[in-house]
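# next come a sequence and a model predicted from it.
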Amino acid sequence: MNYNVSVDMEGNEELRSYLREKVTECKDSTYFQARNKDAAQPINMFVTDEKQKWLGGITSELYWNWLEINDCWVYEEFRGQGIEKELVQKVERMARKRGADYSMLTTFEQETMAFYKKNGYEIVGKIEDYVPGTNFYTLKKSL
């Protein structure tokens, strides 16, 4: 078979859309269908003060038998009081009740990584200098 490879340095949107559509079709017809938007179950929590002002929260999704923590954040002045730990533990318990065996997340930050390691997560992936001077980590925990 003969073929040609062409290079586009202009960001051809028609090509990008075409490829995105074809990759989605492929994913939809295979095991990735369980990870589709309709199959993922969100588990989100937020923390408020007595005036109902948001102090922080956690967003996550449950799919296959995995919990994926997307964001966990608390205002700096409320950190170190156990709020973050309580959020993570609660979302993990809810995920376990719904069939999750594992939890995972990604982070750039050393401080965040240290927090999750204290809470039973282990580094399973590392990309060095992903952003110059910063590493990108994937962490995992068995629930």
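Here it is on my side, so go on.

# ok, what's across the strand from the nearest residue to residue 103 once chain neighbours are set aside?
With sequence-adjacent residues excluded and distances taken as C-beta to C-beta, 6 or more residues apart in numbering, residue 103 is closest to residue 67, at 4.2 Å. Every C-beta, even on glycine, is put in place using the N, C-alpha and C of the backbone. For residue 67, the beta-bridge partners are residue 62, residue 103 (DSSP bridges).

# from residue 23, how far out is residue 67?
Taking C-beta to C-beta, to the nearest Å as the measure, residue 67 falls 25 Å from residue 23.

# more crowded one of these two?
residue 67 (26 against 11; other C-beta atoms under 10 Å).

# wait, that one touches residue 99, no?
No - look at residue 67 against residue 99 with C-beta atoms under 8 Å: they stay out of range, at 9.8 Å.

# residue 130: what's it in contact with?
By C-beta atoms under 8 Å, 6 or more residues apart in numbering, the residues touching residue 130 are 108, 136.

# again, 10 Å this time
Applying C-beta atoms under 10 Å, 6 or more residues apart in numbering to residue 130 gives the contacts 108, 136, 137.

# quick check: it is in a strand.
Yes - judged by DSSP: H, G, I helix; E, B strand; the rest coil, residue 130 forms part of a strand.

# how far away is it from residue 69?
19 Å.

# hey, where'd the strands end up in this structure?
Ranges of strands in the chain, per DSSP state E, are 41-42, 45-48, 54-63, 66-74, 102-107, 122-131, 134-142.

# name the residues contacting each of residue 67 and residue 99.
Counting by C-beta under 10 Å, 6+ apart, the contacts common to residue 67 and residue 99 are 41, 143.

# pretty sure the residue nearest to residue 103 is touching residue 89, no?
No - using C-beta atoms under 10 Å, residue 67 is not in contact with residue 89; the gap is 11.9 Å.

# remind me which residues of the protein are low pLDDT?
Scanning the chain for pLDDT under 70 picks out the ranges 27-38.

# swap in 80 and give it another go.
Along the chain, segments meeting pLDDT under 80 span 3, 6, 8, 24-39.
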